[in-house]
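*Asks:* generate a structure from the sequence data that follows.
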Amino acid sequence: DSAEASSSVVFENIERCSPNCLQMLLENISGLTIDADFTVELIPEINVAVATFVKSIDTKKFVEKCSQHKRIREFKMTARLLELTQTIKAENLPESISTDYLTVYFESTRNGGGPVSDVQLLPEENSAIITFCDHKGNT
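*Replies:* The predicted structure is shown next:
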């Protein structure tokens, strides 16, 4: 469903920009406020940050703005929409967690979930791979 844009934007090559600098930069570009309107998750292992917008914005236009922004270009960062996926990885799970519990949890609409087609436990990592029937049920 290409008409439905992701509410998350991926920023790559973030090593030249401190986390606080990145947050201020995104506030400046979007005109929104960190925490109230969007969150930023850093994934330093792969040199990436993901901004997820709680407030509804045109993320496609935001990505365009970012790619033209002087500071983003100076930091040599790139911005793109996070592709919609049917699979997520849940981490830091308790050792006693069951596939049934995870299925029910991620199917809860209150938690932003949807119909789950598969849960694969990875006990050695205390994590699980959850696959949804479609990409709308993954937060």
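*Asks:* rest of the way, CA atoms for contacts and neighbours
*Replies:* Will do.
*Asks:* how does the chain divide into domains?
*Replies:* Per the TED database, the domain ranges recorded for the chain read 8-81, 87-132.
*Asks:* for L102, see how far away the residue of the chain positioned farthest from its centre is.
*Replies:* The C-alpha centroid of the chain is most remote from S96, which lies 26.6 Å away (Cα atoms, centre = their mean). Plainly put, S96 is 11 Å away from L102 if you go by Cα to Cα, to the nearest Å.
*Asks:* worst average pLDDT in the domains of the chain?
*Replies:* Among the domains of the chain, domain 87-132 carries the lowest mean pLDDT, a mean of 91.
*Asks:* for that one, how far is the first residue from the last?
*Replies:* Taking Cα to Cα, domain 87-132 runs 6 Å from one end to the other.
*Asks:* can you give me the buried ones in stretch 92-111?
*Replies:* For stretch 92-111, the neighbour count (16 or more other Cα atoms under 10 Å) marks L93, L102, T103, Y105, F106, E107 as buried.
*Asks:* and the two most separated of those?
*Replies:* Greatest spatial distance among the buried residues of stretch 92-111 (Cα to Cα): L93 and E107, at 17.0 Å.
*Asks:* show me the strands in this structure, by range?
*Replies:* 8-12, 38-43, 48-53, 78-81, 87-90, 116-122, 127-132 (DSSP state E).
*Asks:* what is the fifth one packed up against?
*Replies:* Applying 3 or more Cα pairs under 8 Å, 6 or more residues apart in numbering; DSSP states H and E, we find strand 87-90 packed against strand 127-132.
*Asks:* so which elements touch the strand it packs on?
*Replies:* strand 87-90, strand 116-122.
*Asks:* quick one: distance of that strand to the chain centre.
*Replies:* 15 Å (Cα atoms, centre = their mean, to the nearest Å).
*Asks:* and for stretch 34-45?
*Replies:* So, by Cα atoms, centre = their mean, the centroid of stretch 34-45 is 8 Å from its chain's centroid.
*Asks:* and it, C-alpha only, in PDB?
*Replies:* Taking C-alpha atoms only, stretch 34-45 is exported to PDB below (Å, rounded to 0.1, in the frame of the first residue of the first chain):
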ATOM      1  CA  ILE A  34      10.800  16.200  20.800                       C
ATOM      2  CA  ASP A  35       8.800  13.800  23.100                       C
ATOM      3  CA  ALA A  36       5.400  15.700  22.600                       C
ATOM      4  CA  ASP A  37       5.300  15.300  18.800                       C
ATOM      5  CA  PHE A  38       8.000  12.800  17.900                       C
ATOM      6  CA  THR A  39      10.600  10.400  19.400                       C
ATOM      7  CA  VAL A  40      14.100   9.600  18.300                       C
ATOM      8  CA  GLU A  41      15.600   6.200  18.800                       C
ATOM      9  CA  LEU A  42      19.400   5.800  18.300                       C
ATOM     10  CA  ILE A  43      20.800   2.600  16.900                       C
ATOM     11  CA  PRO A  44      24.500   3.300  17.200                       C
ATOM     12  CA  GLU A  45      25.600  -0.200  16.100                       C
END
